[in-house]
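1. Pasted the sequence and its predicted model underneath.
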Amino acid sequence: MNLFRKKSDLIVKLNNLRKNNFKIGLVPTMGALHKGHTSLVKRSIKENDYTIVSIFVNPTQFNDKKDLNLYPKNLTKDCNYLDSISTDIIIFAPEINNIYNKNLSVKKFNFYDLDKFMEGRYRKGHFNGVATIVSHLFNIIKPKNAYFGEKDFQQLRIIQELVSGNNIPVNVIGCQTIREKDGLALSSRNTKLSKHNRKIASKVYEIINYVRINFDSMSFLEIYTYVDKFFDNILEIELEYFTIAESKSLIPVKEKTINKQYRAFIAVKLQGVRLIDNIALN
Ligand code: PAF
């Protein structure tokens, strides 16, 4: 197992790899690994000479302390999981004080409104926390390619903006959301669902997929009314937001314009467990 707990040790290892011009791929994670991560890791292995998986539950991206404390953590299990994919994977799992100073300082970024709606609106400061840790990781690891899931599509767009706006020489690669058979997007949070709620959770995909199928034939008003009614009948689910936004700017829209791409974004709370998802509509 190639496990590094210290930034300085990892940097020595990476400097040696770089001498040979090896291409490095990075998969940033917060652990609690599942098949969604596996697909990112396998893609990185295919496209790079070395793959680094970072495992770090980043405190500055949690606006809710309870959520942070409840986040599943099991480094040994995650390392064994990665070893079962390939023993060549380099794992970077730093301690908090190896990444942040005592005050957990967060940088403030300008994401040009990409963070104004959806997750940015409901999780204040979240994307500054994400961008702070991702830029630290890019700085330490200097990967050629970095892999992020489309399940967190707003995060993916923001990281693309972070890289282009700051001339960071990393290719940010978005990877398709991996779903369970019933459509539920894979997420570390799914493990927190009871058996009953796990079944109900498939409703999140059911509704966004319905919107995708009927996007051409329904007006926005019809779609929003339909979604509200759909959740009125599911008592376990509290709808936080359902938003149709333009895929690039992430600005919510009320009507369609020719030649624009749209996505539907959703966040719900299922008896305390927060789930998000999104889907391309055209
Ligand atoms: O998507 C995640 O797991 C996290 O937001 C990330 C990108 C690893 C940053 O902590």
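-> In hand now; what should we look at? Numbering: from 1, shown residues only.

2. quick one: terminal-to-terminal distance for stretch 93-111?
-> The stretch stretch 93-111 measures 28 Å between its terminal residues, going by Cα to Cα, to the nearest Å.

3. mind listing what's buried in it?
-> Within stretch 93-111, the residues scored as buried using 16 or more other Cβ atoms under 10 Å are 93-94, 99-100, 106, 109, 111. (C-beta placed from N, C-alpha, C; glycine too.)

4. mind giving me a markdown table with those and columns for secondary structure?
-> What follows is the buried residues of stretch 93-111, written out as a markdown table (DSSP: H, G, I helix; E, B strand; the rest coil):
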| residue | secondary structure |
| --- | --- |
| 93 | coil |
| 94 | coil |
| 99 | coil |
| 100 | coil |
| 106 | coil |
| 109 | coil |
| 111 | coil |
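
5. residues contacting residue 214?
-> Taking Cβ atoms under 8 Å, 6 or more residues apart in numbering, we find residue 214 in contact with residue 223.

6. Check the gap between it and residue 246 for me.
-> For residue 214, the distance to residue 246 (Cβ to Cβ, to the nearest Å) stands at 19 Å.

7. again, but for residue 176
-> Taken as Cβ to Cβ, the span from residue 176 to residue 246 is 20 Å.

8. What residues does this protein have near the ligand?
-> 28-30, 58, 61, 130, 133-134, 152, 155 (Cβ under 6 Å from any ligand atom).

9. cutoff 5 Å now
-> 28, 30, 58, 130, 133 (Cβ under 5 Å from any ligand atom).

10. isn't the fourth one right up against residue 158?
-> Yes. Between residue 130 and residue 158 there is a contact at 7.0 Å, judged by Cβ atoms under 8 Å.

11. so where do the helices sit in the stretch 51-200 of the chain?
-> For the stretch 51-200 of the chain, the helices defined by DSSP state H, counting those that start in this stretch occupy 65-70, 75-85, 119-122, 126-141, 153-165, 195-214.

12. The closest residue to the ligand within the stretch 51-200 of the chain - nearest residue in space that isn't next to it in sequence?
-> The stretch 51-200 of the chain approaches the ligand most closely through residue 58 (3.9 Å), counting by Cβ to the nearest ligand atom. Using Cβ to Cβ, 6 or more residues apart in numbering and skipping the chain neighbours, the partner closest in space to residue 58 is residue 133 (4.3 Å).

13. Which of residue 176 and residue 246 has more residues huddled nearby?
-> residue 246 (15 against 11; other Cβ atoms under 10 Å).

14. wait, isn't that one in contact with residue 265?
-> No. In terms of Cβ under 8 Å, residue 246 does not count as a neighbour of residue 265; the distance is 11.2 Å.

15. Look at the closest residue to residue 51 other than its chain neighbours and tell me its secondary structure.
-> Once flanking residues are discounted, residue 51 sits nearest to residue 44: 4.3 Å by Cβ to Cβ, 6+ apart. What three-state DSSP gives for residue 44 is helix.
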